[in-house]
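A.B. asks: What follows is a predicted structure for the sequence shown.
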Amino acid sequence: MSDSKKWAIVTGGSRGLGYETAKGLIAAGISVCIIGKDQERIEESAKTLGCSYRSVDVSDSKKFREVLTEITQDATSKGFEVLDVLVLAHGVMSDKMSKTLRTNDEEWRRTLSINLDAVFTAVNQLAPAMAEARKGRVVVYSACLGRMSGPGTHGGLAPYRISKAGVNAFVKNLSYETGLGARGFLVDAICPGHCRTDMGGEDAPRSAQEGAETAIWLATRDFDATKDKTGLLWEDRTVVDW
């Protein structure tokens, strides 16, 4: 899928996984607008990528919706149609000691407002037009720690784990609401693995580019509703149980 009239929005696009995803979409010929919280950093990243940008705190749902509306209006004025790709790569880790019985309201709300509530805000604001146009790809960065099965998924980091489990459930539910890809609208979650990002640390085994590869693939893959699937959690282009 390479078309200069296709366009995408990537949150968390100033660094790490979001930045690498935006870079990959641009390489595929898609116009991209990146969103980040840090004005200076998002501006610098956009300049390097050669794309447009907006700065906003995604946990502020009212301002986030306003910025998404501004981006859409700007794209329309430039001749673009309904959004083609939405990648939600923003995220925050909860405190290391934030077990369910040890965390507090502030830490709980901080983590879920960014990792889960902002996902709802973006999808609720942008995806209705995509689904109505019977097209579009939504890709949400989840995490292996959000899986309810598999090794290393028990105990600690409760707000983070639960927010990512919520992302997986959100994606599954939305896929059924929108016809499991039969109507042209796709929504998926990915586990990028432990990557060398600000959150993952410099000693992580995978690069951000490796972590972003599946998101880029999901956003650009050919899809046949008679045999291909959506509404799932993916890792390295493979469906994983969550």
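C.D. replies: Here it is on my side, so go on. This structure is a prediction, so every number in the text was calculated from the model and none was measured. Residues are numbered from 1 along each chain as shown.
A.B. asks: For the residue nearest the centre of the chain, give me its contacts.
C.D. replies: Among the residues of the chain, the one closest to the centroid is residue 88, at 1.9 Å (Cα atoms, centre = their mean). Taking Cβ atoms under 8 Å, 6 or more residues apart in numbering as the criterion, residue 88 is in contact with 11, 12, 118, 119, 122, 123, 138, 139, 140, 141. Where you see a C-beta, it was placed from the backbone N, CA and C, and this is true even at glycine.
A.B. asks: Can you show me the helices along the chain?
C.D. replies: Secondary structure of the chain (DSSP state H): helices located at 16-27, 39-49, 61-77, 105-112, 118-132, 158-177, 208-220.
A.B. asks: Tabulate the ones you listed (JSON lines), appending mean pLDDT and mean neighbour count.
C.D. replies: Putting the helices of the chain into JSON lines (pLDDT from 0 to 100; neighbours: other Cβ atoms under 10 Å) gives the following:
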{"stretch": "helix 16-27", "mean pLDDT": "96", "mean neighbour count": "24"}
{"stretch": "helix 39-49", "mean pLDDT": "97", "mean neighbour count": "16"}
{"stretch": "helix 61-77", "mean pLDDT": "97", "mean neighbour count": "15"}
{"stretch": "helix 105-112", "mean pLDDT": "95", "mean neighbour count": "16"}
{"stretch": "helix 118-132", "mean pLDDT": "98", "mean neighbour count": "19"}
{"stretch": "helix 158-177", "mean pLDDT": "95", "mean neighbour count": "20"}
{"stretch": "helix 208-220", "mean pLDDT": "94", "mean neighbour count": "22"}
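A.B. asks: Reformat those helices as TSV; add distance to residue 192.
C.D. replies: Shown next, in TSV, are the helices of the chain (distance: least, Cβ to Cβ, whole Å):
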stretch	distance to residue 192
helix 16-27	6
helix 39-49	18
helix 61-77	23
helix 105-112	18
helix 118-132	15
helix 158-177	11
helix 208-220	3
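A.B. asks: nearest to residue 226, of those?
C.D. replies: helix 158-177 (16.0 Å; Cβ to Cβ).
A.B. asks: Quick check: beta-bridge partners of residue 87?
C.D. replies: For residue 87, the beta-bridge partners under DSSP bridges are residue 10, residue 139.
A.B. asks: Could you report the neighbour count for it?
C.D. replies: When neighbours are defined as other Cβ atoms under 10 Å, residue 87 has 31 of them.
A.B. asks: That one contacts residue 214, doesn't it?
C.D. replies: No - Residue 87 lies out of contact with residue 214 (Cβ atoms under 8 Å); the separation is 11.3 Å.
A.B. asks: if we can go back for a sec, which residue is the nearest non-sequential neighbour of the residue nearest to the centre of the chain?
C.D. replies: residue 140 (4.6 Å; Cβ to Cβ, 6 or more residues apart in numbering).
A.B. asks: How much space separates the one you found from residue 174?
C.D. replies: Plainly put, residue 140 is 10 Å away from residue 174 if you go by Cβ to Cβ, to the nearest Å.
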